[in-house]
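# Curious how this folds, go ahead:
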Amino acid sequence: MQFGVPIAASNTSCIPEVVGDAALLFDQEDPEAIAAVIQRLWNDEALRRDLSAKALVQRRANTWDDAAQTFIAAYRYCAGHNLSAEERSRIERGLAAW
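Sure, this is the predicted structure:
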């Protein structure tokens, strides 16, 4: 996503959350599903352009600074500290993603 290329990615772990709608997802245990996604990307130029554009937008939503601030908010929450409105919002967004 960093370079705006179309992405084919596994649908496990946190990958769907990270890529959002900027990738085609596949079941990593299903070779036919992997092949189908790759073939679709290879053959569909409009899809590649769409995913490339979405990748550039999505990468801005997943910065290291944003991740660090979210982790700090989570640690402060777990330690029982008073949270700012922004920290509470980060915690709520994180819980909603689960």
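
# Which strand or helix spans residue 25?
strand 23-26 (DSSP states H and E).

# Residue 18 now?
For residue 18, the host element (DSSP H and E) is helix 15-19.

# Tell me how far residue 19 lies from residue 33.
Shown here: residue 19 relative to residue 33, a distance of 16 Å by C-beta to C-beta, to the nearest Å. (Glycine included, C-beta is placed from N, CA and C.)

# quick one: which of those two has more around it?
In this view residue 19 and residue 33 are compared by other C-beta atoms under 10 Å, and residue 19 has more residues nearby, 23 against 14.

# The more buried one reaches residue 7, doesn't it?
Yes - using C-beta atoms under 8 Å, residue 19 is in contact with residue 7, at 5.9 Å.

# who touches both of the two?
Common neighbours of residue 19 and residue 7 (criterion: C-beta atoms under 8 Å, 6 or more residues apart in numbering): residue 1.

# ok so, going back, counting contacts, what elements does the strand holding residue 25 pack onto?
If contacts are counted by 3 or more C-beta pairs under 8 Å, 6 or more residues apart in numbering; DSSP states H and E, strand 23-26 sits against strand 7-10, helix 15-19, helix 31-43, helix 45-60.

# Please list the outside residues in contact with that strand.
1, 6-11, 15-16, 19, 33-34, 36-37, 40-41, 47, 51, 55.

# which among the residues you listed end up buried?
Of the members of those, the ones counted as buried by neighbours, 16 or more other C-beta atoms under 10 Å, are 1, 6-9, 11, 19, 37, 41, 51, 55.

# ok, residue 5 - contacts?
Contacts of residue 5 by C-beta under 8 Å, 6+ apart are 52, 55.
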